[in-house]
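Asker: A structural model of the following input is requested.
(2 chains)
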Amino acid sequence: MLDPRILSERRDEIAESCRVRGVEVDVDEVIGLYEAVAARQTELNEANRRRNEHQKAGKKPLDPEQREAHTAEGRALKEAVSRIEADLQGTRARFDTGLATLPNFVHPDVPEGGEEDFRELRREGEPRQFGFEARDHLELGRIGELLDFEAGAKVAGTKFYYLKNGAVLLELALQRYALDVLLEDGFTPYVTPDLARPEIVDGLGYNPRGEETQIYSLANADLCLVGTAEITLGGLYADSILDEAELPLKLAGISHCFRTEAGAAGRESKGLYRVHQFTKVEMFTITRPEESDAMHDHLLGLEEKIFRGLELPYRVIDIASGDLGAPAYRKYDIEAWMPGRGEGGSYGEISSTSNCTDYQARRLKVRFRRSGSKKNELVHMLNGTAVANSRAILALLENHQREDGSIAIPKALQPYVGREVIGAGEA
RNA sequence: GGAGAGGUGGCCGAGUGGUCGAAGGCAGCGGUCUUGAAAACCGCCAGGGCGCAAGCCCUCGAGGGUUCGAAUCCCUCCCUCUCCGCCA
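Answerer: Residues are numbered from 1 along each chain as shown, chains lettered A, B, ... in the order given. Take a look at the predicted model:
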């Protein structure tokens, strides 16, 4: 969330951020609500002060008559306090709702526009020219006995799948490969819970409830299935004050990710591209405010290192304002070439990194103290995909397929897979 | 799941109705001493809100309740630990 105190001061900037994001919010209404909350808070403070004074007077011995009068007055003061409290609570609830609708600021270099208005920063690698009829990953998965969507549908429903044989080796290899890149960079590795409390989910800026939610909730416990380890890694430091010397914190989290994908069926999302469950190695970093832009570039660099090692052609795009999530100040996506996507192949998102500045930290209360300073400041939080297995597997199958339907494993991955080829003829 | 014990400041820990936003210790910061450091000694040091400031308000796991007055008593929930049960 934004800092309530800067709402009126930076009103125009916030309104502009909403505009370029295509978010319709009445900023002035939220500001008005904040002022109403502040006014009632002041009122409450005053009422509390009167009550405290009155209580101090009750400590000394009083004769029965005085005591009775004192008690009656105490009751009246108490009632006044609860009346104001109830009023404040109602106003604050409306303010909180309003505040939650305000998205983060937008980095000045972010291109303005919607999903199609991204800026392409660079391309790496050339889409491969196949000397044969290339197959998509569904067919490669079927003939190589690597993927089984029918079994997934039968047991868990549509958009679930089984990995089999070489795909299982690939799944495990990808995790370890990506993790090694991060370890070399000084990340601390974690395997996190796959479930989290709704408050934590909410704190990271994901709405755990409501029609549009991407988040699964359990029926018999107050828990959500996480959509990403960003949630569990972010929650790790909720409510804490860090030493400046500890920063930046670089965390690598392995978790399963669960997504309802409500309303996301259809085009361009066949097979492994859009599924309800996958495994992901996530990068999560906590920095001082002045370091977050540099860290953002650094995370992007790590993602590129990982995908270059997988020998996948890709492009890097700077996501346009209208396509940013509310917490994101800036977001880069890496799109890998997917030969089986669309007509004759297309680029598809395979990883993503966001700088969320202090937007998540404020709600989670993650602060740090500069050495020599008494004042606590909010940290900046960033996240990025090291490897999302479903899409990585998709891209590997389609890009590294051979004429017989088998899959060549890139050199960097071979030590982890323990094979040079998987799929057709290998199983 | 059952029984018991707990949750207090960055950390540890005292505090069972007003003298408590809270002893003491550790860590941290400033100083004395020292060529320098350590040790010793002195001082400062919870978080958040409002305010130019003085100062005021809130917070002792969370939420309710009792009371003129709650860290302290009662209720609900969450969490941790010990024992028992179950289990990979």
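
Asker: so where's the stretch 151-300 of chain A shaky on pLDDT?
Answerer: Across the stretch 151-300 of chain A, residues meeting the criterion (pLDDT under 70) sit at A:211, A:262-268.

Asker: A:L138 reaches A:K270, doesn't it?
Answerer: Yes. Assessed by C-beta atoms under 8 Å, A:L138 is found in contact with A:K270 at 6.9 Å. C-betas here are computed from N, CA, C, even on glycine.

Asker: please enumerate the helices of chain A.
Answerer: Assigned helices in chain A, in chain order: A:11-21, A:27-57, A:64-100, A:137-143, A:149-155, A:166-184, A:198-203, A:229-236, A:292-309, A:359-364, A:389-399, A:414-417 (criterion: DSSP state H).

Asker: from the middle of its chain, how far away would the fifth one be?
Answerer: In this case it means helix A:149-155. With C-alpha atoms, centre = their mean, to the nearest Å as the basis, helix A:149-155 stands 29 Å off its chain's centre.

Asker: so which bits of it are buried?
Answerer: A:F149, A:G152 (16 or more other C-beta atoms under 10 Å).

Asker: show me what that helix is packed up against.
Answerer: The criterion is 3 or more C-beta pairs under 8 Å, 6 or more residues apart in numbering; DSSP states H and E, and there are no helices or strands that helix A:149-155 contacts.

Asker: likewise the shortest one?
Answerer: Packed against helix A:414-417 by the contact rule (3+ C-beta pairs under 8 Å, 6+ apart) you find helix A:166-184.

Asker: what is whichever residue of the stretch 151-300 of chain A sits closest to RNA strand B paired to in the beta sheet?
Answerer: Nearest to RNA strand B in the stretch 151-300 of chain A, going by C-beta to the nearest atom of the strand, is A:I241, at a distance of 4.8 Å. For A:I241, the beta-bridge partners are A:R367 (DSSP bridges).

Asker: and the closest residue to RNA strand B within the stretch 301-427 of chain A, what is it in contact with?
Answerer: Nearest residue of the stretch 301-427 of chain A to RNA strand B: A:N376, at 3.7 Å (C-beta to the nearest atom of the strand). Neighbour list for A:N376: A:I241, A:R367, A:F368, A:R369 [criterion: C-beta atoms under 8 Å, 6 or more residues apart in numbering].

Asker: grab the nearest non-local neighbour of it.
Answerer: Leaving aside its chain neighbours, A:N376 sits nearest to A:R367 (4.1 Å; criterion: C-beta to C-beta, 6 or more residues apart in numbering).

Asker: for the one you found, give its distance to A:L247.
Answerer: 11 Å (C-beta to C-beta, to the nearest Å).

Asker: what sits in contact with each of these two?
Answerer: Counting by C-beta under 8 Å, 6+ apart, the contacts common to A:R367 and A:L247 are A:V379.

Asker: so what pLDDT did the residue of the stretch 301-427 of chain A closest to RNA strand B get?
Answerer: Note for A:N376: predicted pLDDT of 81.

Asker: so what's it bridging to?
Answerer: Beta-bridge pairing for A:N376 (DSSP bridges): A:R369.

Asker: related to what we said a few turns ago, neighbour-wise, which one of the contacts of A:N376 leads?
Answerer: Using other C-beta atoms under 10 Å as the neighbour test, the contacts of A:N376 are led by A:F368, with 26 neighbours.

Asker: give me every residue that touches the nearest residue to that residue once chain neighbours are set aside.
Answerer: Computed as C-beta to C-beta, 6+ apart, the closest residue to A:F368 that is not its neighbour in sequence is A:L242, at 4.2 Å. By C-beta under 8 Å, 6+ apart, the residues touching A:L242 are A:L249, A:I286, A:V366, A:R367, A:F368, A:R369, A:V379.

Asker: and A:L7, by the same measure?
Answerer: A:I14, A:V27, A:V30, A:I31, A:Y34, A:L102.

Asker: I'd say the third one and A:G98 touch.
Answerer: Yes. Checked against C-beta under 8 Å, the pair A:V30 and A:G98 is within contact range at 4.0 Å.

Asker: circling back: closest to A:Q66 among the contacts of A:L7?
Answerer: Compare each of the contacts of A:L7 with A:Q66 using C-beta to C-beta and the shortest gap goes to A:Y34, at 43.1 Å.

Asker: for that closest one, the count of nearby residues, please.
Answerer: A count of nearby residues for A:Y34, using other C-beta under 10 Å, gives 19.

Asker: same thing with A:G157?
Answerer: Using other C-beta under 10 Å, A:G157 is surrounded by 9 other residues.

Asker: which bits of chain A sit near RNA strand B?
Answerer: Contacts of chain A with RNA strand B, taken as C-beta under 7 Å from any atom of the strand, map to A:5, A:38, A:41-42, A:44-46, A:48-49, A:51-55, A:58-59, A:70-71, A:74-75, A:77-78, A:241, A:367, A:369, A:371-372, A:374, A:376.

Asker: just to revisit the earlier point, same list (the helices of chain A) but as TSV, adding distance to A:P339.
Answerer: Shown next, in TSV, are the helices of chain A (distance: least, C-beta to C-beta, whole Å):
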stretch	distance to A:P339
helix A:11-21	33
helix A:27-57	46
helix A:64-100	42
helix A:137-143	9
helix A:149-155	19
helix A:166-184	17
helix A:198-203	36
helix A:229-236	29
helix A:292-309	15
helix A:359-364	37
helix A:389-399	5
helix A:414-417	21
